[in-house]
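Participant: Give me the fold of what follows.
(one chain, ligands or ions: 2)
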Amino acid sequence: MTEMNTTESSEKKSLNFIEQIVEKDLKEGKNGGRIQTRFPPEPNGYLHIGHAKAICMDFGIAKKYGGVCNLRFDDTNPTKEDVEYVESIKEDIQWLGFQWGNEYYASDYFQQLWDFAIRLIKEGKAYVDEQTSEEIAAQKGTPTQPGTESPYRNRPVEESLELFQKMNAGEIEEGKMVLRAKIDMASPNMHFRDPIIYRVVKTPHHRTGDTWKAYPMYDFAHGQSDYFEGVTHSLCTLEFVPHRPLYDLFVDWVKEGKDLDDNRPHQYEFNKLNLSYILLSKRNLLILVKEGLVNGWDDPRMPTLCGFRRRGYSPESIHKFVDKIGYTTYDALNDFALLESAVREDLNARSTRVSAVLNPVKLILTNYPEGQVEEMEAINNPEDPNSPTHTIEFSRELWIEREDFMENAPKKYFRMTPGQEVRLKNAYIVKCTGCKKDENGNVTEVYAEYDPHTKSGMPEANRKVKGTLHWVSCNHCLKAEVRLYDRLWKVENPRDAMAAIREEKNCSALEAMKEMINPDSLKVLDECYVEKYLAGAKPLDYLQFQRIGYFTVDKDSTAGHLIFNRTVSLKDTWSKISQK
Ligand code: ATP
Ligand code: MG
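Facilitator: Numbering: from 1, shown residues only. Ligands and ions are numbered 1, 2, ... in the order given. Below is the predicted model:
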């Protein structure tokens, strides 16, 4: 009994605040014990790592409590939306390992929302305003000063009805008229000061074509859509806290006492993901793509889910990261290093170890018979006790990393230097005998002698040497291009830095971005050598280039031109730099 209580309470502790709310609601039998959430992206861009945090919450809650999470496209702004985005959003959610119950669209409710708006006009709760958006904004007042009522606020119902019809019939120019809810121009909550609930947009909609010209605003669509679908917990981010009273009001109005009182959606807010060295928001990412500062939405430097996927992140590593940062009710800036460490942790358990030489210099084993080839066994993943192995060919001429040889080395250099022994991974102990240089003093060949009694697995193989180097056999390797990615931004908090630059220079977002961008975010190495085993590697395979980092095959890679992306280095080089 006592034991059970302890387990129960320790489980309680680890619940996040939303899970606590859900458990309490379930205990109290709210909504008939039903749990229903939704993930409501606007299809105006590709999903980013911030969305992953929301997805893990929305789908995670439903999964954990036997509920359902629906996917609802919040498609109320036809000028920015596209089916391309709809498709990519679905792909990315599934990649994260989630499956929605139903696929809904806010546009499915355009008729219901329209009917509701008509009802509000008839009830004297909404009116058509003919002022410009600037005039309306100027009348809003401030949080401490009441706003000014629109001269159209008390116009006859019939007039508003007629004009609202005209707004939707295409007879009114964009920006010339809006429908506003009549609430309270003196409310301390600015969102209650007669919010705009409908506007005219003449761009055809990606689903409803030109059926509609009057479109509901977010605040008029979201809560009602939740209500129509039967959402119980409407989870979103903190910027919607001030919208919540309006959300509740519209739900009250649309419900009209039709249902039991507790059978309605409730909105709860958690903190947005904000990551150091990362700029989120689809609006910003779209600028990067459109202006060619990156190569598309799935450029591996992008914080989009498709970018991270192409770069070699596993979905599990993103889950791990989201678990680490958790959910709170205050904003913070999380360290990008935390995401990278989650990726390393996951890929360490998952990746196949292979050999690749990125900056090659030739090593010749002068006492190894010419023409002889041995097949060495390499364990795919030493972290896995049941790991398979693969073979790697060994011969007289090998490629090693240029920085693994030094002619005059300092004392603690445990790599290749004349007179010193090192182990060649999965093969023999070799002793460096010297090198050859060109007229400029550049090393062109390194020489060593191998000890035939030290092959990995042999009794003498245990002889102590301090360094182990990776290599590939010159006649048994493949040439490859390797793309090394680094942070896209030079500044730690790109969102704030961008705002500051724009204010100081009164410039566009693009110009501010150009000042913050890291010119060295992509480095292409086009003369690398990888072991032949990688001929069969495919995009999304998780690889570790031993001693270097985690890599994957890029989607542009072909049999004749192999391309690898660096997912993340083996160690965090940036924190070392910042510690200096
Ligand atoms: P963006 O500014 O990137 O377009 P958004 O909030 O406008 O973001 P939506 O498509 O409207 O994007 O959002 C879908 C869901 O994802 C919302 O519930 C939103 O709160 C959530 N979301 C968006 N950005 C983040 C973030 N950085 N962290 C956590 N959740 C986020
Ligand atoms: Mg948005």
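
Participant: Tell me which residues are up against stretch 169-182.
Facilitator: 117, 120-121, 124-130, 132-133, 136, 150, 153, 160, 163-164, 166-167, 194-202, 210, 213-214, 220, 250 (CB atoms under 8 Å, 6 or more residues apart in numbering). C-beta: built from backbone N, CA, C; applies to glycine.

Participant: SS state for E87?
Facilitator: helix (DSSP: H, G, I helix; E, B strand; the rest coil).

Participant: what are the phi and psi values for V357?
Facilitator: Note on V357: its backbone torsions stand at phi -110, psi 120 [degrees, to the nearest 10].

Participant: residues in contact with it?
Facilitator: Taking CB under 8 Å, 6+ apart as the criterion, V357 is in contact with W399, I400, E401, H470, W471, V472, C477, C528, Y529, V530.

Participant: would you turn the residues you listed into TSV with distance to ligand 1, neighbour count and pLDDT?
Facilitator: Shown next, in TSV, are the contacts of V357 (distance: CB to the nearest ligand atom, whole Å; neighbours: other CB atoms under 10 Å; pLDDT from 0 to 100):
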residue	distance to ligand 1	neighbour count	pLDDT
W399	43	23	98
I400	44	24	98
E401	39	20	98
H470	39	23	98
W471	44	25	98
V472	42	26	98
C477	43	24	98
C528	36	21	98
Y529	40	22	98
V530	36	25	98
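
Participant: Let's see which of the contacts of stretch 169-182 end up in helices.
Facilitator: Of the contacts of stretch 169-182, the ones assigned to helices by DSSP state H are A117, L120, I121, S133, I136, S160, L163, F164, K166, M167, F220, F250.

Participant: Just give the number of residues close to the second one.
Facilitator: The burial metric for L120, expressed as a neighbour count using other CB atoms under 10 Å, is 21.

Participant: confidence score at it?
Facilitator: As predicted, L120 sits at a pLDDT of 98.

Participant: For the nearest residue to it once chain neighbours are set aside, give its distance to D194.
Facilitator: Distance criterion CB to CB, 6 or more residues apart in numbering; nearest residue to L120, sequence neighbours excluded, is A126 at 4.0 Å. From A126 across to D194, the span is 9 Å (CB to CB, to the nearest Å).

Participant: Pick out whichever of those two has more residues nearby.
Facilitator: Neighbour totals were compared for A126 and D194, and A126 leads with 27 against 23 (other CB under 10 Å).

Participant: isn't the more buried one right up against L113?
Facilitator: No. Judged on CB atoms under 8 Å, A126 makes no contact with L113 at a distance of 11.9 Å.

Participant: What about ligand 1: which of the contacts of stretch 169-182 touch it?
Facilitator: When these are checked against ligand 1 using CB under 6 Å from any ligand atom, none falls in range.

Participant: For this protein, which residues are neighbours of ligand 1?
Facilitator: Residues of the chain found near ligand 1 (CB under 6 Å from any ligand atom) are 40-42, 50-51, 53-54, 74, 236-237, 272-273, 280-283.

Participant: Which element, helix or strand, includes the nearest residue to T468 once chain neighbours are set aside?
Facilitator: The spatial neighbour of T468 that comes closest, neighbours along the chain excluded (CB to CB, 6+ apart), is R423 at 4.5 Å. Element membership for R423, per DSSP states H and E: strand 421-424.

Participant: Against which helices or strands is the helix or strand that that strand is followed by packed?
Facilitator: Under the assignment DSSP H and E, the closest C-terminal helix or strand after strand 421-424 is strand 429-437. In terms of contacts (3 or more CB pairs under 8 Å, 6 or more residues apart in numbering; DSSP states H and E), strand 429-437 is packed against strand 421-424, strand 443-450.

Participant: Can you add distance to I93 and mean pLDDT and give these back as CSV?
Facilitator: What follows is those, written out as CSV (distance: least, CB to CB, whole Å; pLDDT from 0 to 100):
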stretch, distance to I93, mean pLDDT
strand 421-424, 45, 96
strand 443-450, 51, 98
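
Participant: hey, which of the ones you listed is tucked in deepest?
Facilitator: The highest mean neighbour count among the helices and strands packed on strand 429-437, using mean count of other CB atoms under 10 Å, belongs to strand 421-424: a mean of 22.

Participant: Which strands and helices lie in contact with that strand?
Facilitator: Identification of packing neighbours for strand 421-424 by 3+ CB pairs under 8 Å, 6+ apart yields strand 429-437, strand 468-469.

Participant: What residue in this protein comes nearest to ligand 1?
Facilitator: Distances between the chain and ligand 1 by CB to the nearest ligand atom are smallest at G50, namely 2.2 Å.

Participant: What helix or strand is that residue located in?
Facilitator: helix 49-64.

Participant: Identify all contacting residues around that helix.
Facilitator: Against helix 49-64 from outside (CB under 8 Å, 6+ apart): 18-19, 22, 35-39, 41, 47, 67-69, 92-93, 96, 98, 100-101, 233, 235-237, 270, 272-275, 278, 280, 303-305, 308, 318-319, 322, 325, 327, 339.

Participant: helix or strand right after that helix?
Facilitator: Downstream of helix 49-64 (by DSSP H and E), the next one is strand 68-73.

Participant: Next, the angle helix 49-64 makes with that next one.
Facilitator: 150 degrees (axes from the mean of the first three to the mean of the last three CA atoms, to 10 degrees).

Participant: With only the CA atoms kept, save strand 68-73 in PDB.
Facilitator: The C-alpha coordinates for strand 68-73 follow below in PDB (Å, rounded to 0.1, in the frame of the first residue of the first chain):
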ATOM      1  CA  VAL A  68      -8.000  11.500 -30.100                       C
ATOM      2  CA  CYS A  69      -6.000  14.400 -31.600                       C
ATOM      3  CA  ASN A  70      -7.300  15.700 -34.900                       C
ATOM      4  CA  LEU A  71      -5.400  17.700 -37.500                       C
ATOM      5  CA  ARG A  72      -7.000  20.900 -38.300                       C
ATOM      6  CA  PHE A  73      -5.700  23.200 -40.900                       C
END
